[in-house]
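Enquirer: give the three-dimensional model of this entry:
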Amino acid sequence: MSKISNAAKSIAGNKVLAAVVSVILILSVFTSTVLADVPDQYDVKIVDSGETITVTTTETQPVEILNNAGITVNSNDIIDISNFNEGENSEIVISRLNTIMVEFEGHIQSYEVYSPTVIEAIKEIGLTLNEKDKINYSPDAKIQNGMVITIKSAFYVTLSADGEKVKYALTQGTVSDLLSLAGITLGEDDYTKPAADKELKAGMKVKVYRVEYKEETREEVIKYSTKKIKDKNLLETKKKVITKGENGSKDVKYSVKYVNGKEESKEMLSEVVTKEPVTKVVKIGTKRAHPEIKPNGVKSASGFTVGQKISGRYTHYCACATCNGSGAGVTSSGKRISNGMSNPYYIACNWLPLGSVIKTQGHYYTVVDRGGSGLSAVGRIDIFTPEGHAACYRYGTGSCEIEIVRLGW
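Expert: Below is the predicted model of the structure:
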């Protein structure tokens, strides 16, 4: 809408002044005229602020005609008698001066206008309405003194709903009003952003979210689990699959929430296993690979030779105070031991030099420790067990064959 003309009041004032002068001159002419004959009756149409009445008269002066019709003319009103001819069917037009208030964008200003209708008054004061602007009166409503005309300029908002995006021009209202204008109804679970009670603002983007709940049954995989079994006869770098694992399956019923056609969340209602998974069983080696045994050139010592095989007997001990004296964890060779450490494959015996290496039950053991007199018998060995005292009892005692691999360090 164009800005209000600053000259509007000045223009209106000039019109009033001109109208008053015009009336005075016209009345003077008629007053000075002496009619020789009384004319016959004739009709005069009086248009007063857009409303028309017709009077039948013999009067020849417009003022008298108006007085006889009971019409009072104020000093600032304009009487147009350009279409009046005495004695003939004629017309008198009266334009009333009214004061109106116009409210626009929060500002109120008063104007004096002669126009009979709202739309004509708006034009008279120099305002131009855009197509989407709104006024609080019908355009052809009659102007009344002191009336307040409110003009609201339109602004645009964008509505996205059901796959379509449309711009709307409004002057006021809430998101809910916009939905009504667009003919959109929200379902029980539907919602909008911004919320429906939010006031609309210029440039606002409103989106409708359609919410739908569906019950769906979906086939899902049940992943198999893996069971690991330690195997002391298998090298710690090796694994052996005993049972191959197989996935199972199940039918799961969900309540699925869709928002604008896309899944947003789901809640499980029930499930039925259609195929049980098969657990994968794997043996994990715990046998420590003995480091490379470097020959030291000694072929025989203390009455024993490299490669000699001896029938023996074994027991087990750990690093606790019961098995290892003070429990300080220091062997006779200076090697340290502790419960929980990785198996170092150590033994204690009194009949082979420290540093000697034997092979028994598929493992290589290094002689690092001494023990009681019982370990002095040839073939008698005590195997270090880092799993602890309970494991010593679990592994127990037994007979074994011993092969001498190296004598001393």
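
Enquirer: with adjacent residues omitted, what lies nearest to the most centrally placed residue in the chain?
Expert: Nearest to the geometric centre of the chain sits Lys193, at 10.5 Å (C-alpha atoms, centre = their mean). Closest residue in space to Lys193, ignoring its immediate chain neighbours: Lys207 at 5.4 Å, by C-beta to C-beta, 6 or more residues apart in numbering. For the C-beta atoms, the positions are set from N, CA and C on the backbone; glycine is no exception.

Enquirer: can you pull the contacts of the one you found?
Expert: 159-161, 192-193 (C-beta atoms under 8 Å, 6 or more residues apart in numbering).

Enquirer: before we move on, back to that, what separation is there between the residue nearest to the centre of the chain and Ile78?
Expert: As for Lys193, its distance to Ile78 is 57 Å (criterion: C-beta to C-beta, to the nearest Å).

Enquirer: counting neighbours, what do you get for the nearest residue to Ala377 once chain neighbours are set aside?
Expert: Leaving out its chain neighbours, the residue that sits closest to Ala377 by C-beta to C-beta, 6+ apart is Trp351, at 7.1 Å. Neighbourhood size, Trp351 [other C-beta atoms under 10 Å]: 18.

Enquirer: contacting residues for Trp351?
Expert: Taking C-beta under 8 Å, 6+ apart, one finds 302, 375-380 in contact with Trp351.

Enquirer: filter those down to the ones in strands?
Expert: In strands, defined here by DSSP state E, the members of these are Arg380.

Enquirer: got a winner among the contacts of Trp351 for most neighbours?
Expert: Neighbour max across the contacts of Trp351 (other C-beta under 10 Å) = Arg380, 20 neighbours.

Enquirer: that residue pairs with what?
Expert: Arg313 (DSSP bridges).

Enquirer: what about Val44, neighbour count?
Expert: 23.

Enquirer: what strand or helix carries it?
Expert: strand 42-48 (DSSP states H and E).

Enquirer: now the next helix or strand after that strand and strand 42-48, what's the angle there?
Expert: For strand 42-48, the succeeding helix or strand toward the C-terminus, using DSSP H and E, is strand 51-57. Following axes from the mean of the first three to the mean of the last three C-alpha atoms, to 10 degrees, one obtains 150 degrees for the angle between strand 51-57 and strand 42-48.

Enquirer: quick one: the helices in the protein?
Expert: Listed in chain order, the helices of the chain (DSSP state H) span 8-32, 62-68, 118-124, 175-182, 389-395.

Enquirer: sorry, back to before: which of the contacts of Lys207 lies closest to Lys132?
Expert: Leu159 (15.6 Å; C-beta to C-beta).

Enquirer: that older thread, just the pLDDT at the residue nearest to Ala377, thanks.
Expert: Looking at Trp351, its pLDDT reads 97.

Enquirer: what's the separation between it and Ile79?
Expert: In terms of C-beta to C-beta, Trp351 sits 148 Å off from Ile79.

Enquirer: same check, this time on Thr397
Expert: Taken as C-beta to C-beta, the span from Thr397 to Ile79 is 140 Å.

Enquirer: out of the two, which sits in the more crowded spot?
Expert: Ile79 (18 against 13).

Enquirer: so the more buried one makes contact with Ile71?
Expert: No. Ile79 lies out of contact with Ile71 (C-beta atoms under 8 Å); the separation is 10.0 Å.

Enquirer: find residues that contact each of those two.
Expert: Ile94.

Enquirer: which residues of the chain score low on pLDDT?
Expert: 1-39, 288-291, 326-327 (pLDDT under 70).

Enquirer: can you show me the strands along the stretch 251-400 of the chain?
Expert: For the stretch 251-400 of the chain, the strands defined by DSSP state E, counting those that start in this stretch cover 262-275, 280-287, 300-301, 304-305, 309-317, 346-348, 357-360, 363-369, 380-384, 398-406.

Enquirer: okay, the last one in PDB with CA atoms only?
Expert: If I follow you right, that is strand 398-406. Extracted in PDB, the C-alpha atoms of strand 398-406 (Å, rounded to 0.1, in the frame of the first residue of the first chain):
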ATOM      1  CA  GLY A 398      51.400 -88.200  37.200                       C
ATOM      2  CA  SER A 399      54.100 -90.100  35.300                       C
ATOM      3  CA  CYS A 400      55.700 -88.700  32.200                       C
ATOM      4  CA  GLU A 401      58.600 -89.200  29.800                       C
ATOM      5  CA  ILE A 402      61.300 -86.600  29.700                       C
ATOM      6  CA  GLU A 403      63.600 -85.800  26.900                       C
ATOM      7  CA  ILE A 404      66.700 -83.700  27.600                       C
ATOM      8  CA  VAL A 405      67.000 -81.000  24.900                       C
ATOM      9  CA  ARG A 406      69.800 -78.900  26.400                       C
END
